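A.B. asks: Need a 3D model of the following:
(one chain, ligands or ions: 1)
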Amino acid sequence: MSAKRTRQKTKKKKITPRKSASASKGPAIPGEFERSGRAADFIFSQTKLRPQIALVLGSGLGAFADEFTGATKIPYAKVPYFPQSTAIGHAGRLVIGKIGAVPVAGMQGRVHLYEGYSAKEVVFPIRVFARMGVKAVILTNAAGGIKREFTQGRLVVISDHINLQGVNPLTGPNDERFGLRFHDMTNAYDRRFREMAIGEGNGLGIGMSEGVYAGLAGPSYETPAEIRYLRTIGADLVGMSTVPEVITARHSGLCVLGISCVTNAAAGILDQPLNHVEVLETAERVKGQFISLLKAVIPRIAEAIA
Ligand code: HPA
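C.D. replies: Coordinates of the predicted model:
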């Protein structure tokens, strides 16, 4: 084909502009604010309780929600837009009930980046809690102990985190109805709550301490070299969750308490491989202490945010 003919052909070709989502005939896709509002409305349609405190119960720690009185149990599958948990040790149920006189919401399991969810999907439940009027969240997780004193079975209050997950759930346009474009993370893990948890834990005879949590994407556990690196940069604990939730909770103005259950010594500390069965078994072993700690801390937090 000659160059002249090609030019003619190109000239004739019509360019049809792409339709934007708003210009299409179909219904507009609701944004995060609308979706979280609908999920919150649905939850409120299932219970008369209006929780001020919500808990995210990590790997093997979901049993705490079985302690709630007057509980309503809602499978995540029923809550509009809620992500479904696929990890072993995560029941995938939202429980609304009471601890003593305090109405609480408890997530038996969460979703993670390693399941293939986006950071925005991971934090959707936190947005829902914010839309429900929740004021404080208690985020719990299973973690590997980097600091040598953080041996298997220790409960550690998170004092700060290092985000090594490679993503931030707030990337993209900011919705001012949730919070500011650039929000402060200085006191992300509420100092008052941390003191309460350590005080109550020590009162119960649970040797409590504080540490910095490094959040990685997973799903592979770390290499020993990565653990040495994490120790060098100031991490005491390592896990695959929590960080996006804390960022979002603070963006939405919720106060945070973070508690890690050290389910194993981090890679390379002991001369043995890591596995998820051990993680779940350790969480099961400290269940009693974990439940007592949360039962003691929740009324204190309720008082602080009243
Ligand atoms: N590394 C990352 N995540 C974890 C670990 C660990 O050692 N233990 C429990 N969750």
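A.B. asks: Return the distance of Ala267 relative to Leu216.
C.D. replies: Distance, Ala267 to Leu216, using C-beta to C-beta, to the nearest Å: 11 Å. C-beta coordinates here come from the backbone N, C-alpha and C atoms, glycine included.
A.B. asks: who touches both of these two?
C.D. replies: Counting by C-beta atoms under 8 Å, 6 or more residues apart in numbering, the residues touching both Ala267 and Leu216 are Glu222.
A.B. asks: Spit out the contact partners of the residue nearest to Gly153 when sequence neighbours are not counted.
C.D. replies: Once flanking residues are discounted, Gly153 sits nearest to Val286: 5.1 Å by C-beta to C-beta, 6 or more residues apart in numbering. For Val286, the contact set (C-beta under 8 Å, 6+ apart) comprises 153, 155, 261.
A.B. asks: ok, the last one touching Ala63?
C.D. replies: The one in question is Cys261. No - the criterion here is C-beta atoms under 8 Å, and Cys261 misses it with Ala63 at 11.8 Å.
A.B. asks: Among these two, which residue is more densely surrounded?
C.D. replies: Using other C-beta atoms under 10 Å, the more surrounded residue of Cys261 and Ala63 is Cys261, with 27 against 16.
A.B. asks: and that one, what element?
C.D. replies: Element membership of Cys261 [criterion: DSSP states H and E] is strand 255-265.
A.B. asks: what packs against that strand?
C.D. replies: strand 136-145, strand 155-164, helix 191-203, strand 209-216, strand 237-239, helix 243-251, helix 276-285, helix 287-305 (3 or more C-beta pairs under 8 Å, 6 or more residues apart in numbering; DSSP states H and E).
A.B. asks: out of those, nearest to Arg127?
C.D. replies: Of all the helices and strands packed on strand 255-265, helix 243-251 sits nearest to Arg127, with 6.6 Å by C-beta to C-beta.
A.B. asks: Quick check: mean pLDDT of the closest one?
C.D. replies: Mean pLDDT, helix 243-251: 98.
A.B. asks: Over to stretch 132-144?
C.D. replies: Stretch 132-144 carries an average pLDDT of 96.
A.B. asks: what do you get for stretch 221-239?
C.D. replies: The model assigns stretch 221-239 a mean pLDDT of 97.
A.B. asks: May I see the buried residues of stretch 275-292?
C.D. replies: In terms of neighbour count (16 or more other C-beta atoms under 10 Å), stretch 275-292 has its buried residues at 276, 279-280, 282-283, 286-287, 289-291.
A.B. asks: Output that stretch as CSV, restricted to C-alpha atoms.
C.D. replies: What follows is stretch 275-292, C-alpha atoms only, in CSV (Å, rounded to 0.1, in the frame of the first residue of the first chain):
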residue,chain,number,x,y,z
ASN,A,275,3.5,-21.9,59.8
HIS,A,276,-0.1,-20.7,60.1
VAL,A,277,-1.2,-23.6,62.3
GLU,A,278,1.3,-22.4,65.0
VAL,A,279,-0.2,-18.9,64.6
LEU,A,280,-3.7,-20.2,65.2
GLU,A,281,-2.7,-22.6,68.1
THR,A,282,-0.9,-19.7,70.0
ALA,A,283,-3.9,-17.4,69.6
GLU,A,284,-6.1,-20.2,70.9
ARG,A,285,-3.8,-20.7,73.9
VAL,A,286,-3.9,-17.0,75.0
LYS,A,287,-7.6,-16.6,74.3
GLY,A,288,-8.4,-16.4,78.1
GLN,A,289,-5.9,-13.6,78.7
PHE,A,290,-7.0,-11.8,75.6
ILE,A,291,-10.7,-11.9,76.6
SER,A,292,-10.0,-10.8,80.2
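A.B. asks: Would you tell me whether that stretch gets close to the ligand?
C.D. replies: Yes - Stretch 275-292 is in contact with the ligand by C-beta under 6 Å from any ligand atom, via Val279.
A.B. asks: do the same with stretch 110-120
C.D. replies: No - applying C-beta under 6 Å from any ligand atom, one finds stretch 110-120 separated from the ligand by no less than 9.7 Å.
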